[in-house]
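Engineer: Sequence and predicted model, in that order:
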Amino acid sequence: MNNLHKMGFESPNLTAENVAKIAELFPGVVSEGKVNFDLLRTMLGDEVFKDEAYEFTWVGKRAAIAEAGRSIRKTLRPVVQDETTPTGSDSTDKPYCSSGSRNWDTTENLYIEGDNLEVLKLLQESYLGKIKMIYIDPPYNTGNDFIYKDDFAKDKEDYDEEAGGYNEQGERLFRNNESNGRFHSDWCSMMYPRLVLARNLLTDDGVIFISIGEEEVHTLKNICNEVFGESNFRNTIFVRRYDKNLNRQFMETGLATMNVGLEYILMYSRTKIATYHPVFREASQKRAAVGYWKGFWNDADRPTMRYEILGIKPKDGQWKWKEEIAEEAVQNYLTYIREYSQSMTIEEYWKKTGGKKKFIRRNATGNGKNSGIEHWIPPAEGILRNTNWSDLLASKPTGVDIPFENPKNAEVLKELIRLSNTDDSGIVLDFFSGSATTAHAVMQLNAEDGGKRKFIMVQLPEVCAEGSEAAKAGYKNICEIGKERIRRAGNKVKSEAGLNGQDLDIGFRVLKVDESNMNDVYYAAGDYTQDMLGQMEDNIKSDRTDLDLLFGCLLDWGLPLSMPHTHETIDGFTVHTYNNGDLVACFDEHVSEKAVREIASRQPLRAVFRDSSFTSSPEKINVFEIFKLLAPNTTVKVL
């Protein structure tokens, strides 16, 4: 009986999907899943392929590209309460216990523990095209080993061989210092597949911000140009580092370099349709109270914007406003001079008349471009930001007594969220979340403007170094630091918000990466005879709960992980309902026909049962017929 299909429980094979897309456009170039690139080149034309072109590459790039498309058999296991039995794997590959979720039943925020490469692969279906903003603060590659040890990372011998470090006789061809590029290659191979997968998650108008130091800013921009497209690079923002006096000890003998004072934030968009919301820095006290005059001409070249005003018509360039607006502004100033200048300042007049009027004059000396034609810039409490954010520090203490070295500044993250145009219900993702500054910023901004933005934090459970301040304080890994910061920051933000914070979501569902819920036989049933299968235990691992299985189904079916779910008993069997019928699941053995009929009568979009619930093909046929009769539009699968 093939009408009840099995769940896949495997992340998407993006390489196979790309081949399928090529086959749709050019059916003749794909045969048995393989692309005939010679034929594809012929069909596209030689002009598409240039013999000589700039290419950004590094040793291991092909493996990094392939890794982005490779599927995995892993899952995300819910952690509702503090764990007492170790699960998953920390950065030392040992199972560990996680602290639990906060407000599991009501929150729409997620905190995911695990290698972010695996997490990004697992989220490809559930969050494809749904993330409005991504912020990451990846390792800056200062020459230290990475905690992220991807399977395709090369050891020194592999690197030397591929880079040409030895000839066929085993003789060294060049001296392979760190400066020869191994660290750059490792870093590039770590970043590339993660950015490819992250791009898939962005909405069409989604944006990504990446903090980076000077060590890899140029390399990162090359990678991002390839992943997102050069046309989708928007800007580089500069933020200030704490002043350090490390070089003072070398002042007597002369400085080899200067202390680094800035960090960079690269801005890219998913597509060209993305727009950014204006953000402002605080004006000085004087600037907030007093306006000033500025030349009315600029050097753009629009002939229709060259007209006569106050007896002056520019020969080149243009005026800044349309002619009718400029003429009104001239009259506004004449009215002020004639009727009000003796009794109030122009600032007072501007406020008295509604704070909207524009003014144009010719200065008293007539000096300046185009004989001193000027327009008035009114007072402003905020100055429109450009890419210079040096008024903000890149790092700042958390404010909630959490031991973490150089945590990012929540004020910077709030500005980036505003800038990203993330509306009051958008999702913000950070897959190098560290101390969870991004989550802190989302909650704070929601408290300030009443938004309902949601966050997804992803962090590798990197074990805290023995003797570190975090370890002394009782934190076993960085995930525990991040979750505790969210708890404390949430309490603080909600308390300070008062009545405005009553409905503030300061919770988070904890999920952690682990091996598949299914035993190996589930994926390779074809390798076993029917008799052998009958003698084997259940294809579901014995330590997995209904909730583990439910969330595995959500990932496989591409449903978001933050929706409400309930469970109830129907004819003695436990039935789970996710998001009011997006999915109904029963994982009990030998489910009765009465329970099946009740589930079908509710006409959910999807339904899933345990394969072993049905001991024979006739029982499976009966289930199929029940749903065909009562819920013909429901997709039914088994595991």
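Structural biologist: Arrived safely, thanks for sending.

Engineer: Run through the stretch 351-500 of the chain and note the low-pLDDT ranges.
Structural biologist: For the stretch 351-500 of the chain, no stretch is flagged by pLDDT under 70.

Engineer: in it, which spans are helices?
Structural biologist: Here the stretch 351-500 of the chain has its helices, by DSSP state H, counting those that start in this stretch, at 410-419, 437-449, 469-472, 478-497.

Engineer: The next helix or strand after the longest one: how far from the chain's middle?
Structural biologist: Counting by DSSP states H and E, the element after helix 478-497 in chain order, helix or strand, is strand 509-515. Distance of strand 509-515 from the chain centroid (CA atoms, centre = their mean, to the nearest Å) equals 18 Å.

Engineer: Strand 509-515 pairs with which strands, parallel or anti?
Structural biologist: strand 74-79 (antiparallel), strand 110-113 (parallel) (DSSP bridges).

Engineer: Relative to residue 576, which of the ones you listed is closest?
Structural biologist: Of all the strands paired with strand 509-515, strand 74-79 sits nearest to residue 576, with 12.0 Å by CB to CB. For glycine as for every other residue, the C-beta is placed from the backbone atoms N, C-alpha and C.

Engineer: Kindly calculate the angle that that closest one makes with helix 478-497.
Structural biologist: Put simply, strand 74-79 runs at 50 degrees to helix 478-497, going by axes from the mean of the first three to the mean of the last three CA atoms, to 10 degrees.

Engineer: Tell me which residues are up against strand 74-79.
Structural biologist: 9, 11, 87-88, 98-101, 104, 112, 114, 118-119, 121-122, 509-517, 544, 547-548, 551-552, 555, 561 (CB atoms under 8 Å, 6 or more residues apart in numbering).

Engineer: ok, 6 Å please
Structural biologist: With contacts defined as CB atoms under 6 Å, 6 or more residues apart in numbering, strand 74-79 is touched by 98, 100, 118, 122, 510-514, 516-517, 547-548, 551-552.

Engineer: Ok, stretch 337-348 next?
Structural biologist: For stretch 337-348, contacts defined as CB under 6 Å, 6+ apart pick out 291, 349, 379.

Engineer: give the contact list for the last one.
Structural biologist: Read that as residue 379. Listed by CB under 6 Å, 6+ apart, the contact partners of residue 379 are 288, 289, 290, 291, 347.

Engineer: From those, which one has the minimum pLDDT?
Structural biologist: Ranked by pLDDT, those bottom out at residue 288, which scores 89.

Engineer: Quick check: it touching residue 383?
Structural biologist: No: the pair residue 288 / residue 383 is not scored as a contact, 9.6 Å apart, by CB atoms under 6 Å.

Engineer: middle-most residue in the protein, spatially?
Structural biologist: residue 134 (2.6 Å; CA atoms, centre = their mean).

Engineer: Backbone dihedrals for it, please?
Structural biologist: Dihedral pair for residue 134: phi -120, psi 130, per degrees, to the nearest 10.

Engineer: Report the separation between it and residue 207.
Structural biologist: Using CB to CB, to the nearest Å, residue 134 is found at 8 Å from residue 207.

Engineer: same deal with residue 491?
Structural biologist: From residue 491 across to residue 207, the span is 30 Å (CB to CB).
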